[in-house]
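Q: test case, fold it:
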Amino acid sequence: MTDVARPHLHHIALTVSDVEASIPWYEAVFGVRFMMDAPHEGGVGKLLATETMDLVIVLHNHDTNKGELFAESVTGLDHVGFQVPSRADLVAWQDHLEANGVVRSDMANKPSTQSPIADEPYGSVLVFRDLDNIQLEFFAPPGS
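A: A predicted model of the protein is given here:
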């Protein structure tokens, strides 16, 4: 790698079918709050963030969106992964997600479901889906 600064994730931006329904879900699950509108041609983004802006999620509404659910099998976003410090944090997230309507299931394959924690050689992972079926994941380092 050349002498350039390594980038860090600044924000994620997701297109959702019902931005007004998604705002409270993301606020409750991630502890962010609505900060501002970010209008763009053909729609609007709703910027949600923590007070310190260390987690920024922008939910987009596009006038041409037909309301279909997300599918990672088409070109575009596959999923978003977040890191947490330990496997114990994943257990706490399971309860937090469930308290916010994300149902425990054998697999996270429908909107508002979460999988069991999977312990893999590369770390432990908890997979869950939002209201539009967008796959989100929490990872803990191996052996944590």
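Q: hey, let's count contacts and neighbours off CA atoms from now on
A: Noted.
Q: got the domain boundaries for this structure?
A: Listed domain ranges for the chain are 12-62, 80-140 (source: automatic domain parsing).
Q: which one of these lies nearest to F70?
A: domain 80-140 (5.4 Å; C-alpha to C-alpha).
Q: quick one: the strands in the protein?
A: 12-15, 33-40, 43-49, 56-62, 80-83, 103-104, 113-114, 118-120, 123-129, 135-140 (DSSP state E).
Q: pull the contacting residues for F139.
A: By C-alpha atoms under 8 Å, 6 or more residues apart in numbering, the contact list for F139 reads 81-84, 90, 123-126.
Q: name the nearest of those residues relative to P142.
A: G123 (3.9 Å).
Q: how about the nearest residue to that closest one, chain neighbours excluded?
A: In this structure, G123 finds its nearest non-sequential neighbour in P142, 3.9 Å apart by C-alpha to C-alpha, 6 or more residues apart in numbering.
Q: quick one: distance of stretch 130-144 to the chain centre.
A: The chain centroid and the centroid of stretch 130-144 are separated by 8 Å under C-alpha atoms, centre = their mean, to the nearest Å.
Q: do the same with stretch 54-74
A: So, by C-alpha atoms, centre = their mean, the centroid of stretch 54-74 is 11 Å from its chain's centroid.
Q: buried ones in that stretch?
A: 55-62, 70 (16 or more other C-alpha atoms under 10 Å).
Q: picking up where we left off before, columns mean pLDDT and distance to P24 on top of the strands of the chain, output as a markdown table?
A: Output for the strands of the chain, formatted as a markdown table (pLDDT from 0 to 100; distance: least, C-alpha to C-alpha, whole Å):
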| stretch | mean pLDDT | distance to P24 |
| --- | --- | --- |
| strand 12-15 | 93 | 15 |
| strand 33-40 | 93 | 8 |
| strand 43-49 | 93 | 10 |
| strand 56-62 | 92 | 11 |
| strand 80-83 | 92 | 19 |
| strand 103-104 | 98 | 17 |
| strand 113-114 | 98 | 17 |
| strand 118-120 | 94 | 28 |
| strand 123-129 | 95 | 15 |
| strand 135-140 | 93 | 17 |
